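Asks: Structure for the following, please:
(3 chains)
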Amino acid sequence: MSTRLQSGGRLIDRSTRAEFMFNGKRLSGHSGDTLASALLANDQMLVGRSFKYHRPRGIVAAGPEEPNALLHMGQGDRFEPNQRATTTELFAGLISSSQNHWPSLEYDVGVVNNYISRFLPAGFYYKTFIHPRAAWLHFFEPIIRKSAGLGRAPTEMDADRYEHIYGFCDVLIIGGGIAGLQAALTAGQSGQRVILLEQTPHWGGRAVVDGDEVEGESAEDWVKSALDALKTMKNVTLRNRCMGAGVYDHGYVLANERVADHTPGDGRPKQRLWRIRAGHIITATGAIERPLSFAGNDIPGVMLAASVRDYVVNYAVSPGDRTVVVTNNDDAYRTAIALVQAGLSVPVILDARPDVTGDLPARARALGIRVEAGRAIASVKGGKRVTGVQVCLQAGEGAVMEEIACDAVAMSGGWSPVVHLWSHCGGKLTWSDHLSAFVPDAARPPLNHDGSAMVTVVGAANGIYRAADIIAGTAGDGPKVPPIWVMPQGAPIQLRSKMWLDYQNDVKVSDVQLAAQEGYESVEHTKRYTTLGMATDQGKLSNINGLGVLSQALGAEIPQVGTTTFRPPYTPVTIGALAGEARGDIFQPLRRTPMHDWHDKNGAYWEPVGHWRRAYCYTRNGETHEQAVQREVNNTRENLGLLDASTLGKIIVKGPDAGRFLDLLYTGVMSTLPIGKCRYGLMCNEQGFLSDDGVVARIDADTWLCHTTSGGADRIHGWMEDWLQCEWWDWKVYTANVTEQYAQVAVVGPNARKLLEKIGGMDVSKDALPFMQWADGTLGGFPVRVYRISFSGELSYEIAIPASQGAAFWAMLNTAGAEFGAMPYGTECLHVLRAEKGFIMIGDETDGTVTPLDLGLSWAVSKKKEDFLGKRGMERTYLANPDRWQLVGLETLDGSVIPDGAYAVADGRNDNGQRNTEGRVTSTYYSPTLKRGIAMGLIKHGPQRMGQTVTFHKIDGSTVAAKIVDQVFFDKAGEKGNA
Amino acid sequence: MHDPISALNGQSFDGFAKITEIGPLGMISLRCDLGEKPLAAVLKKMGLSVPAPRRIVQAGALSVGWMSHDELLVIVPYADVQSTLETLRNALAKMHFLAVDVSDARAAFRVEGDKADQILAKLCPVDLAALAPGELRRTRAAQVAAAFWADGDGFTLVSFRSVAGYVMGLLTHSAQPGSEI
Amino acid sequence: MLTLQCPYCGVQADETELAPGYEAHLKRYGPGSSPEEFESYMFARKNPKGVHFERWRHAYGCGKWFLAARDTNTLEVFGTYPAQSSAPPADLVAKIKLKRPEWEGYK
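Replies: Take a look at the predicted model:
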C-alpha cells in the first residue's frame, strides 16, 4: 500500500492539515502536498479509468507528464475537468473526483471493452463506423460521443477572473532548475532584462530532489543563494507557477501563471496569461522519464522511477512497501537508494543491460540491494494494484524465471529531453544514439525576425543531465542508454498486447505494430490511425516509445521514421486564461451612441450593427416587436418620428485636390457639388461592385463631408487613406473620421418642420432650407448642422450636434415633440420606410457581387468621367451582360411576406441537377402603409418583365407567387419628402 | 450651447490604481506638413512647439501630441476649442491643412498610482519600461484603439467615445485589488 | 505573431497592432487597360516561398501604410519602408541579395 512516511518530505509542512475530498471520501494531507501526493499518502493509487477499455489507472508520474490522474476539480461555478493531480497543489477544502467511469471508479461496466479488446484494434473506429451512413447520426455518433472525452464540461459560468499581461525582456528563460537559474544569473549579471519562469511552485528542478552537489555545495543551498542573488537584480523578473506554454514567431511566448488555483476565492485572478516578447529565449525545460513497455505496465502501482523518488523525497510518501525497480539506465538506481534509505524494501533491481557498472549501481549494491543484469519484466501481476512481477531475460521471449512479490514497480526507460518549446516554432531535432533520445539540433534553430537563432536550449532539455556539466557548460558524457522499446526483446503477441504505450488513449505496442503491418509507414499517419499521443498529455510519455516500436516494426532507423510535430501549448491551458478579460460585459467592445442610456430606459430592443448597438424598435404597453415596428412606421408617416442616426459615418475630406479625389472615389461627380448642397453617392471597389453609399455635403471651397453607412465608417476612411497614401500620395488631401464627434438625429414626418420651428433658432422653411441642402445654426440653443435629406420619403431633417450634447438634444426633441405625436423609431422601422420608397441598403441589396447597374442606379454613375474606382471593373463583359439579375419590386399575389433570401425558381435544372433560379429576394417586409407584403429582389431581365409573375420557394417546400413591379411602392412622385 | 457631458460623466473606480474618466477635454486633430513654418509659429505663440515623433509637448493646460508624420493632437481646455480652431485656421490659412474639433469623439481616462503601469501592461502590447519621457504611444487597449502618455502620478489614456464603457470595463477589470503583480 | 517596425513612427509594432494589405507595388490598371492588364492588377498575385514584398498598415498606431520585405518561409524581416515607393529601395534589395544569394531579385 502507499502511505505517508514517519519522517522526511522536503516540501510538506507536517504542522498543517489540509482536509480534502476525493470521490466523496474525506481525506487529509499537508500544506505543500500535491493532490497526487496526498492521494498516495491516503493509499488512493487508483484514480481513473482508461479511455477505451476502462482499465483501472493509477498515478504514474509526479509532474505535468502524468497521463492518468486527470480529475474533476471543484464544484458548481468553480468546477473544472481534466486537472492533473500531480500538478495540483493541495489546499484545505479541495474537492475532487475521478472521471471516465460508470457507475463507480471501483466497479466500471465499461471495462467490458477490456475483455473484447481484441475486437477493438488500432483503427477500430475507422474500420467500423463507416457504413451505413445513416447510422452515423443516430447510432455511431452517440456511442462515440458517450465514450469519447475524459472529463465532463462545466455547466455553470466560471466564478473566477482571468487576465492577460504583456511582458518584454531581452532574455526569457523557461525552467527554474539548475540550468535555468544558472542562465538567469549569467544574463542578469550582464545587465540584460530577464524573465525566468518555473512551472511548479518550487525552484531547483531535479537536482534538489536527487541531492546533487553543485559548485561544492548542496543543490538546495546553491538554489537558495542563486535565488537570493536574482531577487536583488532589478532587471530580473521571477515567476513561479508559470508554465511556458508556447513559442511563436519573432520571440513571442505564451506563459500561463496559476496565480490562485491553490487559493480559490481569495480575490486574485485565478490565472494570468503572459504574452511575452523576448529578444532571445533560453529553454531549460528539463527532461521527462520514459516508461518501459512490458506486459501489465499499466497496472496501478507501476510508476516512473524518478516520480517514485519525488514522492519519497519531496512528500515523504511511499508508493509501496516493496518496490521492484526496472531500468535500462543508471538514474533509476537513485530511486532504489532513496527507497532503501527511507526504510522501504527494494527486492530487486532488474536492469535490461547485460553489463551493469558505474557509481550508482555500485552504491546500490553496497546498500545490499539485489541487482540483476540482463533481466526484464515478463509480466506484472495484479488487477487494481500490483501484487508482483514475473522476471525473465531481456534477450529472450518472456519465459518466467522467477516471480517476485511487490506492491509497486519503479520503471525507467531513459529520459527524453523536453524539446517542445524548441520545436514549436521550427527548431529541428537530431537523434542521439548515446542517449536514445531526440535532442535539439543547434545547427537548425527556430529563427527570429532578423534571421538569428531565437532559442537556445540548456541543461537536461539539451541532453546534459549532470549539474557539474550544466554549470561548466560542458557536453557531458554519461553512460550510454541502450534503446529498450519492448521488454523482453522477443515478447510474443500475448505479452505485446498488454504493453501500454499511451495510457490515456489506450494504445498498446501491438496496435502500433498492427498499423505498421497494415502499411502505415509515416509516423504522422500512424499517430492518427492508432491515436498514439493524441490525448491531453500529447504523448509526453508515449511518443518516443511508440516511435521506437514503429521503427523496429518497419525495420528502419528512428531518424528515418521521424517524429511528430510538437505544437503549443506544452500542457493544456484553460479557455478562461486564453480569453483573459474578454468575458461578460467586456467580451467585445460595445459601441454606444450618446443617447444609448435614453434608449435603454425607453424600451429599446437592441440590434447589433457592427459593434454598435442600435434600437431595433421601442416597445411600449406590452407590444410585440412586430407591433412596435408597425406603430413606429405609421406614426412616422402620419405624425413625427425621431431616429438616433449617430452611427452614420462622417468623414471630412479637405484640400485643393479633394474634389478630384472624391470624383475618383465615387461613381458620380462630387467636385461640381455647390457649397451648401448635398448629393447622394455610390462607392465601388475596383471590381466594380458596390461597397458603400451615402450623402455628400459640400462644406466650403475645399471641404466635403462624406456620410457613409453605419458599418462602413472605419472601412471607408481606411479605403480613402489607402488611396491617398499608397497611390495618389502627391495629392493634397487630408481626411478626418469625425463619426463620433457628432450625435445625429433624424426628425422625420409631416410634423418635422413644426417641431423644429417650435424649438426655434434658425429658419428651416422650404425656401431657406430646401431638399438636399444643409445649413449651420442653432436649434433650442444647441449648435447644429441641419441636412435636408431623407431616407424615408418623408419631410426629414438630419441634425448633427456635438456628441457631448446629444443626449440633452434628443431628450428635448422627444419632450417638445410630444404635442406633434413624436415617437422614437428604430432600425426596423427605418428599413420598412426605405423599402416602401425603394431605396437600397448596402448589405441587403448588395453582397459584394452587385454593381450599381444591377440596382438600376446608372443615374448615379458618371458616363463622362474618364476614371473612377470600379469603372474598369464594370466594363468587364460579364458585368455588362444583359442577363444579369436586376433590381425590381415584388408584390405577392396573396399579400403575404416572402421569406428573406428566397430564390425564384425557373424551368429546368443546371449541370449539378439543381433547379435553375432566376432571381432572389434582397429585402422583404410587411408594409404597414400598404398593409401588404412588399419586397425588392434581383430578377433576371427584371425591369423588362413588369407585371409578370415569378415563383419563390419557401423553406417548408411551398411556394409564393409575386408580381414584378416598380420598386418604389409609395409616393412615387416624391412629394412628401420635398414638402 | 448646453453643458457638455463626457462619455461616462466622470465615472471612477478605486482598485490597486485609481481609474477616473475625465473630461470633457478639448481636442483638435490637426493635419498638415509638420515642417511648415506657420505651424511652428502658431504653436510657439501658444507656448508649445512641434513635437518630435511619438512625443507630447505640454505647457500648462495646453499640450500637443505627435499622432503621425502629418497629424497632431492639440489638447486645450474644452471651452477654448473654438477659439483655438480659429487661431489655427487663421495662422495656417496659406497652407494645406485640416483642423477639426474631435473633443466629443474621444473619451479620456486617468490611471493613477504606484502600479498604474501594470494596468496598461495588462491591456496594451507595449513595453512600458522602454517608454521614453514625454512619449505619446498609440496602440490598442485589448480590442480598441487607444493612446496614452505618462503624466503626473500615472497616465492619461484616450479612446474613442463610443467605447468608453468598454475601456472603463477593461481598466476596472485590470485594477481589481489583488491582481497587482 | 510577427513584429514589424513602422518606418514612420519607429514603433516595433506587434502584429496585433497592424492590418495586413497583401502584395506591395501593384500597378493600377484603370479604364482603357487591356483585359490581361486588368487581370494582372486584380487577380494575379505572387505567392513565393521566400522573399516577398507586402503592404501593412500601422492601424492601431500612426495609421500609416508601409511596405515590408519578408521571407514567407523563415519569417525573417529584411526591412520596412514607406508606402510612397514604387519599387523597393536599392539598399534593401542589396541587403536581401546578400542574405539570399539564390533570390532572383525584385520583379
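Asks: Can you name the residues bridging to the residue nearest in space to the middle of chain C?
Replies: Residue closest to the average C-alpha location in chain C (Cα atoms, centre = their mean): C:Glu54, at 2.2 Å. Bridge pairing for C:Glu54 (DSSP bridges) gives the partners C:Glu23, C:Ala68.
Asks: and B:Ile181, helix, strand or coil?
Replies: Secondary structure state of B:Ile181, per DSSP: H, G, I helix; E, B strand; the rest coil, is coil.
Asks: picking that back up, pretty sure the residue nearest to the centre of chain C sits against C:His25.
Replies: No - using Cβ atoms under 8 Å, C:Glu54 makes no contact with C:His25, being 9.7 Å away. In this view, the C-beta of every residue, glycine as well, is placed from N, C-alpha and C.
Asks: what sits against the residue nearest to the centre of chain C?
Replies: C:Glu54 sits next to C:20-24, C:67-70 when contact means Cβ atoms under 8 Å, 6 or more residues apart in numbering or on different chains.
Asks: quick one, phi/psi of A:Gly320?
Replies: phi -160, psi 160 (degrees, to the nearest 10).
Asks: List the single closest residue to it in space, sequence neighbours excluded.
Replies: A:Ala408 (2.7 Å; Cβ to Cβ, 6 or more residues apart in numbering or on different chains).
Asks: can you tell me the helix or strand for A:Ala835?
Replies: Using DSSP states H and E, A:Ala835 sits within helix A:827-836.
Asks: Ignore what I typed, I meant A:Ser896.
Replies: Here A:Ser896 is assigned to no helix or strand, by DSSP H and E.
Asks: from what I can see it touches A:Gly933, true?
Replies: Yes - judged on Cβ under 8 Å, A:Ser896 makes contact with A:Gly933 at a distance of 5.1 Å.
Asks: Pick out whichever of these two has more residues nearby.
Replies: Taking other Cβ atoms under 10 Å in any protein chain shown, A:Ser896 and A:Gly933 do not tie; A:Gly933 has more neighbours (19 against 14).
Asks: so which strand or helix has that one?
Replies: Following DSSP H and E, one finds A:Gly933 within strand A:932-940.
Asks: A:Leu578 now?
Replies: helix A:575-579.
Asks: That helix close to chain C?
Replies: No - using Cβ under 8 Å from any Cβ of the partner chain, helix A:575-579 stays clear of chain C, with a minimum separation of 14.1 Å.
Asks: what's whatever helix or strand comes next after that helix packed up against?
Replies: Using DSSP H and E, the helix or strand that directly follows helix A:575-579 along the chain is helix A:596-601. When contacts are defined as 3 or more Cβ pairs under 8 Å, 6 or more residues apart in numbering or on different chains; DSSP states H and E, helix A:596-601 sits against strand A:612-618, helix A:806-816.
Asks: Make a markdown table out of these and add distance to A:Asp971, mean pLDDT and mean neighbour count.
Replies: Shown next, in a markdown table, are these (distance: least, Cβ to Cβ, whole Å; pLDDT from 0 to 100; neighbours: other Cβ atoms under 10 Å in any protein chain shown):
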| stretch | distance to A:Asp971 | mean pLDDT | mean neighbour count |
| --- | --- | --- | --- |
| strand A:612-618 | 23 | 97 | 23 |
| helix A:806-816 | 24 | 98 | 19 |
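Asks: Stretch A:153-167: end-to-end distance?
Replies: 32 Å (Cα to Cα, to the nearest Å).
Asks: Same check on stretch A:586-605?
Replies: 20 Å.
Asks: Only the buried residues of it, if you could.
Replies: A:586, A:589-596, A:598-599, A:603-605 (16 or more other Cβ atoms under 10 Å in any protein chain shown).
Asks: ok, B:Val57 touching B:Pro133?
Replies: No - counting by Cβ under 8 Å, B:Val57 sits too far from B:Pro133 to count as a contact (11.7 Å).
Asks: now A:Thr526: how far from A:Ile558?
Replies: According to Cβ to Cβ, to the nearest Å, A:Thr526 stands 13 Å off from A:Ile558.
Asks: Which of these two has more residues huddled nearby?
Replies: Ranked by neighbour count (other Cβ under 10 Å), A:Thr526 and A:Ile558 place A:Thr526 first, with 29 against 21.
Asks: helix/strand/coil for that one?
Replies: Look at A:Thr526: counting by three-state DSSP, its state is helix.
Asks: center of chain B, which residue is that?
Replies: Short answer for chain B (Cα atoms, centre = their mean): B:Val158, at 4.7 Å.
Asks: So B:Val57 and B:Pro133 - more neighbours on which side?
Replies: Counted by other Cβ under 10 Å, B:Val57 and B:Pro133 do not tie: B:Val57 has more neighbours, with 19 against 7.
Asks: list the contacts for the more buried one?
Replies: Contacts of B:Val57 (Cβ under 8 Å, 6+ apart): B:48-51, B:63-65, B:134.
Asks: Filter the residues you listed down to the buried ones and hand me the PyMOL line.
Replies: Here is the PyMOL command that selects the buried residues among those (16+ other Cβ under 10 Å):
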select buried, chain B and resi 48+50+51+63+64+65+134
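Asks: Between the contacts of B:Val57, which sits nearest chain A?
Replies: B:Gly65 (15.6 Å; Cβ to the nearest Cβ).
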